[in-house]
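> need coordinates for the below:
(one chain, ligands or ions: 1)
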Amino acid sequence: MERCQWLFAAAAAMSLFSIGEAIAQEPARLSVRVIIHDSASVPVDVLETARNQTAATFARAGIDLNWSSAGNCRSADDARFCIQVLLRPRDTQSAPGPRRIMGMALAADQLRAVLSLYFDAVTDVARRYGSPRGELLGLALAHEMGHVLLPPPSHSATGIMQASWEGDDIRHVLAGDAAFTDAQVLAMQARLASRR
Ligand SMILES: [Zn+2]
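Below you'll find the predicted structure:
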């Protein structure tokens, strides 16, 4: 009888061990918390399209985005990387001109970042190149999020981290994969995995 109990205990210990091993081996999903503060009164459907565009770009990089529209990163109750997005009507620091800045990464540390997006510039560029505003806003958001998640220099010759956007670039990216390069995906995954 005692022997049976010992065997049972050994079997239970082994199964616990294999469950723990399986958990350790299964790659956990990486995720980023994104809080959008919309002071530009962006139409609901435009913002929804932008979120979907950005989420699809990051999903292809193996990163889930958890959205909210209130709170701040200091109140985050977990150790996930957290980005506050200030969606502003316009960039009051820069004069209007042909080269519009659609967004800017403002600050970042190991766990948190703040970035701005300027809705008048997104609207201007969309109008100039005949692109949907929502998709372009999503592209600008993903690009600025790339800046806070990637080590500098974070621009690349191709993909979503191109330094400047002309009409053909925008059309190509929106028509195909609005993607990070393989090296950028690895760098972001390594950074987020180190936060777990
Ligand atoms: Zn950039």
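> so residue 170, which state does it fall into?
Secondary structure assignment for residue 170 (DSSP: H, G, I helix; E, B strand; the rest coil): helix.
> tally of neighbours for it?
Residue 170: 21 surrounding residues under other C-beta atoms under 10 Å. C-beta: built from backbone N, CA, C; applies to glycine.
> next secondary structure after the stretch of helix or strand residue 127 belongs to?
Using DSSP states H and E, residue 127 sits within helix 119-129. Next helix or strand after helix 119-129 toward the C-terminus (DSSP H and E): helix 133-149.
> so what secondary structure elements neighbour that next one?
Helices and strands touching helix 133-149, by 3 or more C-beta pairs under 8 Å, 6 or more residues apart in numbering; DSSP states H and E, are strand 30-38, helix 44-59, strand 81-88, strand 103-108, strand 112-118, helix 119-129, helix 167-175, helix 182-193.
> quick check: angle from that helix to helix 119-129?
Computed with axes from the mean of the first three to the mean of the last three C-alpha atoms, to 10 degrees, the direction of helix 133-149 lies at 120 degrees from that of helix 119-129.
> may I have helix 133-149 exported as CSV, CA atoms only?
The C-alpha atoms that make up helix 133-149 are tabulated as CSV, following Å, rounded to 0.1, in the frame of the first residue of the first chain:
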residue,chain,number,x,y,z
ARG,A,133,-7.4,58.7,-43.3
GLY,A,134,-7.9,55.8,-41.0
GLU,A,135,-5.3,53.6,-42.6
LEU,A,136,-2.9,56.4,-42.8
LEU,A,137,-3.4,57.3,-39.1
GLY,A,138,-2.8,53.6,-38.3
LEU,A,139,0.4,53.7,-40.4
ALA,A,140,1.6,56.8,-38.5
LEU,A,141,0.7,55.2,-35.1
ALA,A,142,2.6,52.0,-35.9
HIS,A,143,5.6,53.9,-37.1
GLU,A,144,5.8,56.0,-34.0
MET,A,145,5.3,53.0,-31.8
GLY,A,146,8.2,51.4,-33.7
HIS,A,147,10.3,54.4,-32.6
VAL,A,148,9.7,53.8,-28.9
LEU,A,149,10.1,50.0,-29.1
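> off-centre distance for the helix holding residue 127?
Between the centre of helix 119-129 and the centre of its chain there are 22 Å (C-alpha atoms, centre = their mean, to the nearest Å).
> heads up, I number from 22, so please use that
Let's use 22 as the start, then, which means that last one is helix 140-150.
> what sits up against it?
Helix 140-150 is contacted by residues 61, 63, 108-112, 121-123, 152-154, 157-158, 161, 186, 188, 191-192 when judged by C-beta atoms under 8 Å, 6 or more residues apart in numbering.
> what is the burial count for the nearest residue to residue 84 once chain neighbours are set aside?
In space, and not counting its chain neighbours, residue 84 is closest to residue 51: 4.8 Å by C-beta to C-beta, 6 or more residues apart in numbering. Residues lying near residue 51 (other C-beta under 10 Å) number 20.
> now swap in residue 65 and tell me
For residue 65, the count of nearby residues is 9 (other C-beta under 10 Å).
> and what of residue 212?
16.
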